[in-house]
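Trainee: only geometry, no sequence info:
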Ligand code: HEC
Ligand code: HEC
Ligand code: HEC
Ligand code: HEC
């Protein structure tokens with residue numbers, strides 16, 4: 001756990017220096033328009049929001065936003081830029097990887113073993129059950145640009161490795177289990193679960209890994225190791241463990257057994273109550289790169305989800321749906337691949353937070369307020385647009401707040417959920433209470449109804465169904 005904490009501190013540092021705001025902005029702009037060079041806008045401050053009632057608001061509220069179009073990533077987005085935006089939050093700036101978070105993919109030995117097709121497939125299909133979510137939204141051209149960038153790493157002592165994907169080794173899984181336990185499990189987890197059990201190595205016993213790699217890919221990795229990472233060569237006299245080729249074949253056979261074991265677990269529809277301890281490890285492996293250690297969020301990047309007011313308003317089902325369906329058009333990618341158990345565990349972890357001054361709020365999701373969207377447009381522009389974007393686009397507009405005008409949010413948030421958020425704000429974040437004498441804007445509930453009606457109009461403008 002000490003080591004993990006160190007990684008997170010490192011992560012934080014790298015994030016700050018890498019300008020992660022660009023990440024979400026570009027991911028989303030990839031989805032909605034042609035890429036343009038990223039220039040972060042200065043972040044408005046809270047005081048501005050409450051005093052800017054008369055600024056230019058009408059015009060921005062009335063401007064129309066183009067409907068989302070399929071990703072067309074033009075040739076001007078260099079692979080490096082695409083990498084920085086889409087991959088660096090986990091694979092780190094320059095692709096060096098971070099044990100416990102994501103492997104090094106701009107690496108002499110990885111690149112010698114992995115073909116372009118292998119990388120392309122990994123990005124498209126992801127590694128189910130891990131933070132490496134599939135990215136079918138990235139065009140082939142975009143991914144090839146990223147690959148070109150990966151391959152542009154300056155390499156000393158170039159090696160060439162031939163991987164024969166057609167080879168199948170007939171190892172002895174039983175014998176392999178012993179070797180695995182002795183030499184691999186401390187870094188890859190007792191069942192090859194990888195990062196989700198708090199170990200430094202990736203999930204080499206997970207079906208998502210095993211279904212995209214050939215036996216020879218694993219064999220060559222064992223023989224070669226991965227320079228600059230904790231993954232050492234294990235084979236032969238110069239290897240860490242002097243394993244024979246037969247030993248390696250046995251370990252590979254055991255990995256396939258682990259794959260079946262792990263597939264059975266994640267397919268199990270019955271889930272027990274969540275376990276906060278396991279949930280923390282799942283959170284740290286799957287969510288921390290964006291929602292930050294402890295789930296405190298990062299303004300302009302990802303909301304706080306381990307937060308008194310969020311948790312008082314969000315039901316377990318709300319959180320579950322958000323994880324499963326994601327928030328389309330934002331960096332919150334759908335994670336339908338996480339098992340019911342994993343999701344229960346993560347929710348238990350979020351809810352395990354010791355809370356000062358707990359509040360209890362009842363959300364009646366059947367309520368529909370019949371506000372006046374036209375009036376709401378003006379009020380939205382005055383009180384909300386500076387932080388949530390002129391059309392509720394959220395982070396992609398370079399603002400500090402999430403995309404509350406996007407269908408991904410509006411499809412899961414009831415009118416009452418939004419009302420209560422406006423009423424109570426979210427402690428510890430720039431989202432303040434706006435209603436009543438103690439709110440920063442002294443809005444009435446009726447004002448809020450109008451704003452909610454306007455948000456629903458925005459959702460439709462962004463291609464939503466409601
Ligand atoms: C949210 C975190 C995250 C993001 C963003 C991400 N990855 Fe990954 N990636 C991972 C993790 C975790 C793994 C290892 C999964 C496992 O345990 O097998 C991985 C594995 C990979 C692998 C396989 C590496 C190997 O050693 O076999 C490739 C290739 C890869 N990612 C490419 C990319 C590219 C390209 C992007 C950007 C388009 C990207 N990833 C974005 C987390 C991420
Ligand atoms: C000291 C810790 C450590 C030990 C021991 C270890 N590994 Fe690794 N292994 C890692 C790390 C860390 C990576 C990711 C390397 C990177 O950053 O690219 C890795 C990567 C791998 C990969 C490539 C995974 C991928 O996503 O492409 C394979 C395969 C692998 N290890 C197999 C094994 C096997 C089999 C053993 C036991 C014989 C073993 N490792 C022992 C730490 C370890
Ligand atoms: C690649 C970055 C990224 C990762 C990884 C990620 N999220 Fe998110 N998440 C976001 C962003 C960005 C938003 C806000 C989207 C919006 O509405 O504008 C968000 C929103 C959410 C929300 C809604 C919060 C609210 O205020 O309504 C929940 C709940 C959530 N994420 C949970 C998770 C969980 C659990 C995981 C891990 C399984 C996870 N996220 C992984 C980026 C991420
Ligand atoms: C000073 C900036 C600021 C202003 C002004 C502001 N918000 Fe927010 N809002 C935020 C931030 C930041 C968050 C995310 C909080 C977090 O990290 O959990 C947020 C969160 C929210 C959420 C929860 C979104 C979710 O994903 O669950 C809603 C709903 C919301 N705001 C509505 C509004 C409305 C309506 C207004 C105008 C009356 C408004 N906000 C004004 C900054 C602001």
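Mentor: Looks like it arrived, so ask away. All values derive from a computational prediction rather than experimental measurement. Numbers count the residues shown, from 1 in each chain. Ligands and ions are numbered 1, 2, ... in the order given.
Trainee: Flag every residue of this structure that's near ligand 2.
Mentor: 97, 99, 103-104, 107, 110, 183-184, 186-188, 200-202, 204, 209, 218, 221-222, 226, 229-231, 234, 251 (CB under 6 Å from any ligand atom). For every residue, glycine as well, the C-beta is placed using N, CA and C.
Trainee: So is the top helix by length along the chain next to ligand 3?
Mentor: Ranked by residue count, the top helix of the chain under DSSP state H comes out as helix 245-267. No - Helix 245-267 stays clear of ligand 3 (CB under 6 Å from any ligand atom), getting no nearer than 13.9 Å.
Trainee: ok, which residues in the stretch 301-450 of the chain are in contact with ligand 4?
Mentor: Within the stretch 301-450 of the chain, the residues that sit near ligand 4 (CB under 6 Å from any ligand atom) are 303-304, 307, 310, 383-384, 386-388, 400-402, 404, 409, 418, 421-422, 426, 429-431, 434.
Trainee: Can you flag which of the residues you listed belong to helices?
Mentor: Going by DSSP H, the helices hold 310, 383, 386-388, 409, 418, 421-422 from these.
Trainee: For those, work out which two are farthest apart.
Mentor: Largest separation among these by CB to CB: 310 and 386, giving 21.1 Å.
Trainee: in stretch 78-97, what counts as buried?
Mentor: Residues 79-92, 95-97 are the ones in stretch 78-97 that count as buried (16 or more other CB atoms under 10 Å).
Trainee: hmm, that stretch in reach of ligand 1?
Mentor: Yes - Stretch 78-97 reaches ligand 1 (CB under 6 Å from any ligand atom) through 86-87, 89-91.
Trainee: quick one, helices of the stretch 101-250 of the chain?
Mentor: According to DSSP state H, counting those that start in this stretch, the stretch 101-250 of the chain carries its helices in the segments 108-113, 116-125, 140-151, 173-183, 185-188, 207-210, 215-224, 245-267.
Trainee: Could you dump those helices into CSV with mean neighbour count added?
Mentor: Formatted as CSV, those follow (neighbours: other CB atoms under 10 Å):
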stretch, mean neighbour count
helix 108-113, 21
helix 116-125, 16
helix 140-151, 19
helix 173-183, 16
helix 185-188, 18
helix 207-210, 23
helix 215-224, 21
helix 245-267, 19
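Trainee: Need those in JSON lines (columns: distance to residue 392 and mean pLDDT).
Mentor: Shown next, in JSON lines, are those (distance: least, CB to CB, whole Å; pLDDT from 0 to 100):
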{"stretch": "helix 108-113", "distance to residue 392": "40", "mean pLDDT": "92"}
{"stretch": "helix 116-125", "distance to residue 392": "29", "mean pLDDT": "94"}
{"stretch": "helix 140-151", "distance to residue 392": "26", "mean pLDDT": "95"}
{"stretch": "helix 173-183", "distance to residue 392": "50", "mean pLDDT": "96"}
{"stretch": "helix 185-188", "distance to residue 392": "43", "mean pLDDT": "96"}
{"stretch": "helix 207-210", "distance to residue 392": "34", "mean pLDDT": "92"}
{"stretch": "helix 215-224", "distance to residue 392": "45", "mean pLDDT": "94"}
{"stretch": "helix 245-267", "distance to residue 392": "35", "mean pLDDT": "93"}
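Trainee: Take those helices and write them to TSV, including distance to ligand 1.
Mentor: Formatted as TSV, those follow (distance: least, CB to the nearest ligand atom, whole Å):
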stretch	distance to ligand 1
helix 108-113	6
helix 116-125	4
helix 140-151	5
helix 173-183	16
helix 185-188	9
helix 207-210	4
helix 215-224	8
helix 245-267	11
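Trainee: Let me have these in CSV, adding distance to residue 374 as columns.
Mentor: Output for these, formatted as CSV (distance: least, CB to CB, whole Å):
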stretch, distance to residue 374
helix 108-113, 56
helix 116-125, 44
helix 140-151, 40
helix 173-183, 65
helix 185-188, 58
helix 207-210, 49
helix 215-224, 59
helix 245-267, 48
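Trainee: wait, which of these is closest to residue 451?
Mentor: helix 140-151 (36.4 Å).
Trainee: what packs against the closest one?
Mentor: In terms of contacts (3 or more CB pairs under 8 Å, 6 or more residues apart in numbering; DSSP states H and E), helix 140-151 is packed against helix 79-86, helix 116-125.
Trainee: okay, now the residue of the stretch 251-400 of the chain found nearest ligand 1: neighbour count?
Mentor: Scanning the stretch 251-400 of the chain for proximity to ligand 1 using CB to the nearest ligand atom identifies residue 289 as nearest, at 4.8 Å. When counting by other CB atoms under 10 Å, one arrives at 23 neighbours for residue 289.
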